[in-house]
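[1] A predicted structure for the sequence below; I have some questions about it.
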Amino acid sequence: MKRVFLIVLDSFGIGQMEDAPEYGDVNVNTLRSVSSSPLFHVPNMQKLGLFDIDGVSVEAQDARGFQEEQSLHKGVTARMTEASKGKDTTIGHWEIAGIYSPQPLPTYPHGFPEEVLEPFRRKTGRGVLCNLPYSGTAVIQEYGDAHCQTGDLIVYTSADSVFQVAAHEDVVPLEKLYEYCRIAREILQGPHGVGRVIARPFTGPCGGQFTRTSHRHDFSILPPGTTMLDQLKESGRDVIAVGKITDIFSGKGITESVYTSGNEEGIQRTLEYLDKDFEGLCFINLVDYDMLYGHRRDIDGYAKALSFFDDKLPEIMGKMREDDILMLTADHGCDPAYTATTDHTREYTPFIMYGPGIVPRNLGTRKTFADIGATVLQYFDITPAFAGESMLR
């Protein structure tokens, strides 16, 4: 029973791509920035070959006792290039699964037009507050009281292709908020087809401090083509989604899913699936690097979260069976030291593949994230329905 565990360390970029300045990103490097923290300690990923990947730059290795022995290299490694136009979660995951996006998803630096808001107000029966790019934590502090008083929904966006709806859980029950987001998802199609509609519930006393809850829910646009998930499912294999994977693919090609509240629960669910019998793919997204630390430009928080995952790697690898493969990668960058914006950053991403039958080697720089999807499919003797080159011998 072959199994692949594909873990996406959300936003863990390893250095800017050549076209990064076209996206407003100059001298960005998530890994290099995070490695400057005294909390950064990833000996297990180093042993798998993280620091051997093309172009990887790490700050102050020697000060933390890192070794550079090539004998520690135990995995297949590569530097992944995003061929698609964009630097967001949806496009990154889609390309990993085989979909090339020639155009970036629409963004709204000045807010959403009336042709979007008018049907949204009419169908929800509620007004709209804000309608600007905003920090998710700041927007609820500034507009939370007005929302509590009027019941109007806080609608905002970011530099990403997202339509976010924030509401107090006592004013708008969760299921009602999710219903409103489904309405928005139906409206936001075609030229306004944003990558994700995101429900952002919060709590707290009116006139006081508001806090976002863990009940976030994403409603993604349907993938426009065949993915590795579709092909695995059609072949009778299991496709298990952990975290926000099922939202990113709008459930398409997925046979089983479980939501998580963050990295710690995502790692725990991964460990549980390692103990279960299935044949196919377990696709995991660990979101905290991006959501809690990258966008908030928290270098130490990012470093601590990476170190926590690294500490868990021996337990993950120890549960692997003879025919299991572990893959680690990312979907884009989000350099916590880059203060020109709080947006994602256009970066190469790492790829590490480990398994009892995997011969360690460095595959240099790849042309597309889709090589990951092609590699997964080849392992199950399936010919990819998309352009991608397998990294298995």
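    Sure thing, it's come through.
[2] how about the helices in the stretch 201-350 of the chain?
    Along the stretch 201-350 of the chain, counting by DSSP state H, counting those that start in this stretch, helices occupy 228-234, 245-248, 263-274, 288, 299-318.
[3] Least confident secondary structure element in this structure?
    Lowest on mean pLDDT, DSSP states H and E among the helices and strands of the chain sits strand 217-220, with a mean of 90.
[4] about what we covered before: format the helices of the stretch 201-350 of the chain as a markdown table; extra columns: mean pLDDT, distance to residue 351 and mean neighbour count.
    For glycine as for every other residue, the C-beta is placed from the backbone atoms N, C-alpha and C. Listed next are these as a markdown table, based on pLDDT from 0 to 100; distance: least, Cβ to Cβ, whole Å; neighbours: other Cβ atoms under 10 Å:
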| stretch | mean pLDDT | distance to residue 351 | mean neighbour count |
| --- | --- | --- | --- |
| helix 228-234 | 98 | 15 | 22 |
| helix 245-248 | 94 | 18 | 26 |
| helix 263-274 | 98 | 18 | 18 |
| helix 288 | 97 | 21 | 24 |
| helix 299-318 | 98 | 15 | 19 |
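[5] Of all these, which one is nearest residue 180?
    Closest approach to residue 180 among the helices of the stretch 201-350 of the chain (Cβ to Cβ): helix 245-248, 16.0 Å.
[6] which secondary structure elements does the least confident helix or strand of the chain contact?
    helix 174-187, strand 196-203, helix 245-248 (3 or more Cβ pairs under 8 Å, 6 or more residues apart in numbering; DSSP states H and E).
[7] Redo these as TSV? Include distance to residue 84.
    Rendered in TSV, the data for the helices and strands packed on strand 217-220 read as follows (distance: least, Cβ to Cβ, whole Å):
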stretch	distance to residue 84
helix 174-187	21
strand 196-203	16
helix 245-248	14
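[8] Nearest to residue 222, out of these?
    helix 174-187 (9.5 Å).
[9] Run the angle between the closest one and strand 196-203 for me.
    160 degrees (axes from the mean of the first three to the mean of the last three Cα atoms, to 10 degrees).
[10] Please compute how far helix 174-187 lies from its chain's middle.
    On the basis of Cα atoms, centre = their mean, to the nearest Å, helix 174-187 sits 22 Å off its chain's mean C-alpha point.
[11] rewinding a little: nearest approach to residue 196 belongs to which of the helices of the stretch 201-350 of the chain?
    Ranking these by proximity to residue 196 (Cβ to Cβ) places helix 245-248 first, at 7.3 Å.
[12] Can you list the helices and strands that the closest one packs against?
    With contacts taken as 3+ Cβ pairs under 8 Å, 6+ apart, helix 245-248 sits against helix 89-96, strand 217-220, strand 280-286.
[13] now residue 132, what's its secondary structure?
    strand (DSSP: H, G, I helix; E, B strand; the rest coil).
[14] Could you list everything it pairs with in the sheet?
    residue 156 (DSSP bridges).
[15] what about it, how many neighbours?
    Other residues lying near residue 132 total 14 when counted by other Cβ atoms under 10 Å.
[16] I'd say residue 340 and residue 26 touch.
    Yes: under the criterion of Cβ atoms under 8 Å, residue 340 makes contact with residue 26 at 7.4 Å.
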